[in-house]
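A structural model of the following input is requested.
(2 chains)
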Amino acid sequence: MRHLLSAGDLTRDEALLVLDTAAELAQVSGRSVKKLPTLRGRTVVNLFYEDSTRTRTSFELAAKRLSADVVNFSAKGSSVSKGESLKDTALTLQAMGADGVVVRHSASGAAHRLAEWVDGSVLNAGDGTHEHPTQALLDVYTMRERLGRLDGLRVAIVGDVLHSRVARSNVLLLHTLGAEVTLVAPPTLVPVSVHTWPCSVSYDLDAVLPKSDVVMLLRVQAERMHDAFFPTAREYSRRYGLDGERFARMQDDAIVMHPGPMVRGMEISAEVADSARSTVNEQVANGVSVRMAVLYLLLGGS
Amino acid sequence: MTHSSAAYLIRGARIAGGDPADILIRDGAIAEIGTGLGAAGAAVVEADGLIALPGLVDLHTHLREPGREDAETVASGTRAAAAGGYTAVHAMANTDPVADTAGVVEQVWRLGRESGRCDVQPVGAVTRDLAGAQLAELGAMADSAAGVRVFSDDGHCVSDALLMRRALEYVKAFDGVVAQHAQEPRLTENAQMNEGVVSDRLGLAGWPAVAEEAVIARDCLLTEHVGSRLHVCHVSTKGSVQILRWAKSRGCDVTAEVTPHHLLLTDDLAESYDPVYKVNPPLRTAEDVQALREGLADGTIDCVATDHAPHPAEAKETEWATAAMGMLGLETALSVVQHTMVDTGLLDWAGLARRMSAEPARIGRLAGHGRPIAPGEPANVTLYDADTASDIDPAALASKSANTPFRGMRLPGSIQATFLRGVPTVLDGKIQ
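Next up is the predicted model:
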């Protein structure tokens, strides 16, 4: 494995190796000295064209806990804002000797393009509406930790699937690992060719909830109603929001996940977000371990 | 050109794929056709095994001048045209300034005459500044020295139904034709590639087939209603072919073109996220490609047009979403059409000649082009070696740009000579 561009690039064995490695590395995070010398002398560049404090910080912590040198390169306040192209930025990083580039970009495929222009490893930290593979890895890590298995696990992914890189990566990875995924959304928010994806689709959240071990909610931008994806935020919330009443109809041990940032009152009510069966904060903690594992596996070799 | 009065004897060429014959060219015209013709002071061009085609005519070329001379100029674009076997190209109106006045179309027309390598017939914009709000002075462009007959807002759709109706009606006064870029704008906002399995997987905003088909259906009905003439640019979907077949069966005066790239390439090429495959309308599916080939074979689609769209390197060496749309086409068109239509048995050489020369000239009302290779006709002739094959090398192209989607592909054929009114613009495979 040289780059991590798509969750679909991972075989079952590779995905399990990442999860198992993350579980070992998670112990480091429990120590008082949270640091391993593994990537000493290696340089990791965080190249973030989109604001994402959460993901950038997670990658930064992960790299630092492995003793890598970390450079944060954000689109603001750099040559990027002066009109430098992605390719020129890539060649600059290349000249500086970056061993790994973690890239977040609003354009789908930006990580793929970057991988053609640099010799180092490219980690896709979210590209447009395409993929976000480390998010999927931390999600399945969290599921396995909470529920003890992935094979046969019934996972409902609810919300704006059409524009979601989290959904795309999760569908691919969960399928690889033997889970059964059902996408739940209004028909306007699933892709036209979704029937070719390795999952089922439902427009009825209430029918899917009682049969789900995991309910993963996606962020829904209220502005989508301006493009007629749904009539109003209220109607979306009534039909697809996870409120206390719906939460009560879920199985007793089923968990609620959210990649963040949450829109409370839109796709998730406050009482559900704050319940013990919500894994939102665990997901954040697990994110660091999973990203340590990915960095270690991509850059740790001689 | 200095040697315009020279005579040429083309020996043993197969005219439109027929039996070998000699073609004597003198004073810009075809003087004689026969076997064993004497040279009598003419330069001899050995054409044993070569196919002679009437000089190719392109209805859809972006020459970029004025405004984007970094991508292409009339001079470089007409060199590329000659190298591709073309003797006339229609220069699209989306230049800067837009070709929406008699002044700009005459400028482009004059630059073409000065280039000498290929006739340049300007296309006029339908609406002022391609804005889709108000008709451009179509009559002034028609009456200008450029004699514009084809009007198009190409790159933009004339989406307003009333404006389209009026344009269709208005051009009847001078036997013009409206060449529509069929793209429903609301259905294609920010669209990046064909909407389907590949776009959904890649997370690129989709350009659905229906956005093309709905406009074609509407325009065919409008054309029929007002009794005018419609030409549909770069048809790209199976549904569009079906609608055109239906419209023609009703007697609608509609013609259509297909690009070489839509006859060969499919949307899965976008998997690389390399914008050299980004084009408008987008590459579609294998099923669409098959329907387009069948439509071109049975005459539902009348002609091949390149939509030659040069872009500088920096417009393509970028993220997909920010890259420019368009591909080079002039220098590879004949090879691609041979590969997709002739080598597959769908067309013979005479059928290819009709679709790449006679029909586009007829649609564009272009006198002196698209004529048969026969005594007394203008000596616009292309000599083509169909038995070779080569790997497409972007650096070897005459165009100023290098954005060919056929990069590295092995394609058949090579242009050996192009004559424009008896003057060789290409000879021995080299641009003159």
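
who in chain A is up against chain B?
Within reach of chain B by Cβ under 8 Å from any Cβ of the partner chain, chain A has these residues: A:85-87, A:105-110, A:112-113, A:127-131, A:165, A:168, A:191-194, A:196-197. Where you see a C-beta, it was placed from the backbone N, CA and C, and this is true even at glycine.

any idea which helix is longest in chain B?
Of all the segments assigned as helix in chain B under DSSP state H, the longest by residue count is helix B:209-226.

Direction included, what does whichever helix or strand comes after that one pair against?
On the C-terminal side of helix B:209-226, the nearest following helix or strand under DSSP states H and E is strand B:230-232. The strands beside strand B:230-232 in its sheet (DSSP bridges) come out as strand B:177-180 (parallel), strand B:254-258 (parallel).

buried stuff in the helix or strand just after strand B:230-232?
The first helix or strand that comes after strand B:230-232 along the chain, using DSSP H and E, is helix B:238-249. Going by neighbour count (16 or more other Cβ atoms under 10 Å in any protein chain shown), the buried part of helix B:238-249 is B:238, B:239, B:240, B:241, B:242, B:243, B:244, B:247, B:248.

now swap in stretch A:207-226 and tell me
The neighbour-count criterion (16+ other Cβ under 10 Å) identifies A:208-209, A:212-220, A:224-225 as the buried residues of stretch A:207-226.

Could you list which of those belong to helices?
Counting by DSSP H, the part of the buried residues of stretch A:207-226 found in helices is residue A:208.

between the buried residues of helix B:238-249, which is closest to chain A?
Using Cβ to the nearest Cβ, residue B:239 is the member of these that lies nearest chain A, at 14.6 Å.

Taking the stretch 51-200 of chain B, what residue is nearest to chain A?
Proximity of the stretch 51-200 of chain B to chain A (Cβ to the nearest Cβ) peaks at residue B:200, 3.6 Å away.

quick one: secondary structure of that residue?
helix (DSSP: H, G, I helix; E, B strand; the rest coil).

Just confirm it contacts residue A:192, I think it does.
Yes: with the criterion set as Cβ atoms under 8 Å, residue B:200 and residue A:192 qualify as a contacting pair; they are 6.7 Å apart.

Next, show the common contact partners of these two.
Listed as contacting both residue B:200 and residue A:192 by Cβ atoms under 8 Å, 6 or more residues apart in numbering or on different chains are residue B:206.

So those two - more neighbours on which side?
More crowded of residue B:200 and residue A:192, by other Cβ atoms under 10 Å in any protein chain shown: residue B:200, with 21 against 15.

how about the residues of the stretch 251-400 of chain B that lie near chain A?
Applying Cβ under 8 Å from any Cβ, we find that the stretch 251-400 of chain B lies next to chain A at B:272, B:273, B:274, B:314, B:317, B:318, B:319, B:320, B:321, B:322.

In contact with the most centrally placed residue in chain B: list those residues for me.
Within chain B, the residue whose C-alpha comes closest to the C-alpha centroid is residue B:305; the distance, by Cα atoms, centre = their mean, is 2.6 Å. When contacts are counted by Cβ under 8 Å, 6+ apart, residue B:305 is found next to B:58, B:59, B:60, B:233, B:234, B:257, B:258, B:259, B:360.

helices or strands up against the host helix or strand of the second one?
Residue B:59 belongs to strand B:56-61 when assigned by DSSP H and E. Using 3 or more Cβ pairs under 8 Å, 6 or more residues apart in numbering or on different chains; DSSP states H and E as the contact definition, the elements that strand B:56-61 packs against are helix B:74-83, strand B:86-91, helix B:333-337, helix B:359-363.

What sits closest to the single nearest residue of the stretch 301-432 of chain B relative to chain A if chain neighbours are left out?
When distances are taken as Cβ to the nearest Cβ, the stretch 301-432 of chain B reaches nearest to chain A at residue B:319, 3.7 Å away. Distances taken as Cβ to Cβ, 6 or more residues apart in numbering or on different chains put residue A:107 closest to residue B:319, at 3.7 Å, once the chain neighbours are dropped.

Tell me the residue of the stretch 151-300 of chain A that sits nearest chain B?
Proximity of the stretch 151-300 of chain A to chain B (Cβ to the nearest Cβ) peaks at residue A:191, 3.6 Å away.

I'd assumed that residue was in a strand, is it?
No: note on residue A:191: no strand contains this position according to three-state DSSP, which reports coil.

For it, give me the pLDDT.
Reported pLDDT at residue A:191 in the predicted model: 97.

now residue B:5
pLDDT for residue B:5: 55.

related to what we said a few turns ago, and the buried ones among the residues of chain A next to chain B, selectable in PyMOL?
Buried members of the residues of chain A next to chain B, identified by 16+ other Cβ under 10 Å, are gathered into one PyMOL selection as follows:
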select buried, chain A and resi 86+87+105+107+108+109+110+112+113+127+128+129+130+131+165+168+191+194+197
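
Mind checking which of the residues of chain A next to chain B land in helices?
If you go by DSSP H, the residues of chain A next to chain B have A:86, A:87, A:110, A:112, A:113, A:165, A:168 in helices.

which residues does the closest residue to the last one other than its chain neighbours contact?
In this case it means residue A:168. Residue nearest to residue A:168 in three dimensions, not counting chain neighbours: residue A:131, with 5.2 Å by Cβ to Cβ, 6+ apart. Applying Cβ under 8 Å, 6+ apart, one finds that residue A:131 lies in contact with A:5, A:6, A:7, A:8, A:124, A:165, A:168, A:169, A:172, B:203.
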